[in-house]
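Student: Requesting a structural model of the entry that follows:
(chains A and B)
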Amino acid sequence: MVLIVNTTSDTSVTDTIRSEIESRSTAAVLTSDIEIIEAASLNISHCIGCNYCWLKTPGVCTIKDDYEIILKKVIHADQLWVISDTALGFLDHKGKNIFDRILPIATMYLRFKGDQMRHVPRYDQRTDIGIIYRGDVEKDYLKRWTERAALNFESRSLGVFESNEVKEAVSCMCL
Amino acid sequence: MHVLIINGSPRVKKYSNTDKILEKFTKGMCENGTTFEQYEVSDKAQWDDMREAFNRNKNILIALPLYVECIPGLLMEFLETLTPKNDGSQIAFILQSGFAEGIQLRCGEAYLEILAEKLGCGYKGTLVKGDNFSIRFTDDKMKNKVTDPYTEMGREFAANENFNSEACRKFTGPEIFPAHMRFILGLVFNTFAKKAFKMIAANIGCEQPLDYRPYR
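Tutor: Okay, here's the model as predicted:
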C-alpha cells in the first residue's frame, strides 16, 4: 500500500497523482492500493517529546488528535509520501510534524544497525519515504535529510520531487 | 556580550534536557560578565516576546534537541514567524540528542548552517553532543555527570563568541564507536539497558511490554 499524506491546502497535487495512476493501465499499483490523506483539514499537533510512546503507553502517542489516523496506516504502508510546503529551505512545520510524530513505530530498545545505533522497530513493516514539496527548498539538503530519515526507520528514500515533478514521483509509486 | 538564548525544545521546561544543559552552559558563559535572556519555544505565550528579542539582539544562541535528523517541528513553526534580519546578527547553536555518536547529529548540524543564512544571520557554529537521553530520568549525581561538561563549553563560547574552537569540536566525542565498543554496547543494550528502560517505564506507570503492538 502507498500512503500519501498531503499537509498542504492545495489538492491539485493529489488530484494529479490520482489521475496519473488511473492513466497508467499497466501500472503494478492500482488506485485501490493508494491511500491519500488530506491532512490540512486534520488536527495534527507537533511532537512534545514526552517519550510516553516509548516508556508509558508503548506504541501509543499521548496526544489525542488526528495523527492516529496516519499512524494506523503507516504500519501497513510500503511507501509513505509526504506532500509539504517549505519554509527556511526545508519542509515547513506541518510537513516536519508528520515525521516527528512517527516515533511510536519505534521502541525504546536500541541496537546497532551497521555502525550506528538505532531504535528497534515496533512492527515488521518497513516503509520507504518520499517527499513532494511546494516552494523554495535546499534540494540537496532535503535529499540528504530524506535518506537519513529513512535510514532511521530501516527503510530507504524514494526521492525528493518538486510539485511539478509529480509524474516522476508516481513512477516511483508504481515500481 | 549579551546573548539571547532560545530553548528550542518542544518539551516543557521542567522536563527539558536542553534546559538542564543550558543551566550548566550559562553558568560557565556568565563567569566573566556575559549576560543572557532565555525563552522557551515550548511556551507559546512567550512567542511574541521571543520575536521581539530576536529582532533586538545581535548575539543569538538556539539550543535544541535533534528531532528526526533535523529541528523539531515546533521550533520550525516559531522560526517561520520571524523576519530575516540581515543586520549583522550572529547565531550559534547547541544541538543535542539521545543517540551517542557524533555522526547521528551531522545531518541536523548541516541544516543549522542553512538556517542561519535563511534567518539573515551570520553562522557562529554548532556545539554538537549526543548521549543526553538519560538526563531526565536519572538522579542529580548522574545528571550532573552528563551536564557538567557544558559549563566549560559556556566558558569557551564567552571567550570566542563562537563554537569553532578545537575544544568545542572535541566535545562531540566519537563520530562512531569502534567495532569492539559496538559489540560491548550491543550486549549492554540487550541486558542492562533493557532492564533500566523497563524500570523507568514501571516507575512512570507503564503497564505493557515496551515492544507492545497496539495497532494491527
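
Student: How about the contacts made by the residue lying closest to residue A:109 once chain neighbours are set aside?
Tutor: Excluding the flanking residues, the one nearest residue A:109 by Cβ to Cβ, 6 or more residues apart in numbering or on different chains is residue A:120, at 4.2 Å. C-beta coordinates here come from the backbone N, C-alpha and C atoms, glycine included. Applying Cβ atoms under 8 Å, 6 or more residues apart in numbering or on different chains, one finds that residue A:120 lies in contact with A:106, A:107, A:109, A:110, A:111, B:211.

Student: please redo it, this time with the cut-off set to 7 Å
Tutor: The contact partners of residue A:120, by Cβ atoms under 7 Å, 6 or more residues apart in numbering or on different chains, come to A:107, A:109, A:110, A:111.

Student: Could you do residue A:50 as well?
Tutor: Shown in contact with residue A:50 (Cβ under 7 Å, 6+ apart): A:62, B:11.

Student: Next one: it, what pLDDT does it get?
Tutor: Note on residue A:50: pLDDT of 94.

Student: I'd like the distance between it and residue A:56.
Tutor: Shown here: residue A:50 relative to residue A:56, a distance of 8 Å by Cβ to Cβ, to the nearest Å.

Student: Pull out the buried positions in the helix or strand of chain B with the lowest mean pLDDT.
Tutor: Every helix and strand in chain B was compared by mean pLDDT, DSSP states H and E; the lowest is helix B:140-147, with a mean of 93. Within helix B:140-147, the residues that count as buried by 16 or more other Cβ atoms under 10 Å in any protein chain shown are B:143, B:146, B:147.

Student: Can you report how many residues neighbour residue 7?
Tutor: Chain wasn't specified; assuming chain A. Other residues near residue A:7 come to 23 when the count uses other Cβ atoms under 10 Å in any protein chain shown.

Student: To clarify, I was referring to chain B.
Tutor: Using other Cβ under 10 Å, residue B:7 has 26 other residues around it.

Student: before we move on, what about residue B:88?
Tutor: Look at residue B:88: counted by other Cβ under 10 Å, it has 9 neighbours.

Student: coming back round to it: make a ChimeraX selection of whichever of the contacts of residue A:120 turn out to be buried.
Tutor: In ChimeraX syntax, the buried subset of the contacts of residue A:120 is picked out as below (16+ other Cβ under 10 Å):
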select /A:107,109,110
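
Student: Which ones among the contacts of residue A:120 map onto strands?
Tutor: Counted as lying in strands by DSSP state E, out of the contacts of residue A:120, are A:107, A:109, A:110, A:111.

Student: Would you reformat the residues you listed as TSV and include distance to residue A:33 and pLDDT?
Tutor: Output for the ones in strands among the contacts of residue A:120, formatted as TSV (distance: Cβ to Cβ, whole Å; pLDDT from 0 to 100):
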residue	distance to residue A:33	pLDDT
A:107	28	97
A:109	32	96
A:110	34	96
A:111	32	95
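
Student: Next, count neighbours for the nearest residue to residue B:10 once chain neighbours are set aside.
Tutor: Excluding its sequence neighbours, the residue lying closest to residue B:10 (Cβ to Cβ, 6+ apart) is residue B:74, at 4.1 Å. The number of residues packed near residue B:74 is 26, by other Cβ under 10 Å.

Student: helices or strands up against the helix or strand hosting residue B:74?
Tutor: Assessed by DSSP states H and E, residue B:74 sits inside helix B:73-79. Counting contacts by 3 or more Cβ pairs under 7 Å, 6 or more residues apart in numbering or on different chains; DSSP states H and E, helix B:73-79 packs against helix A:93-100.
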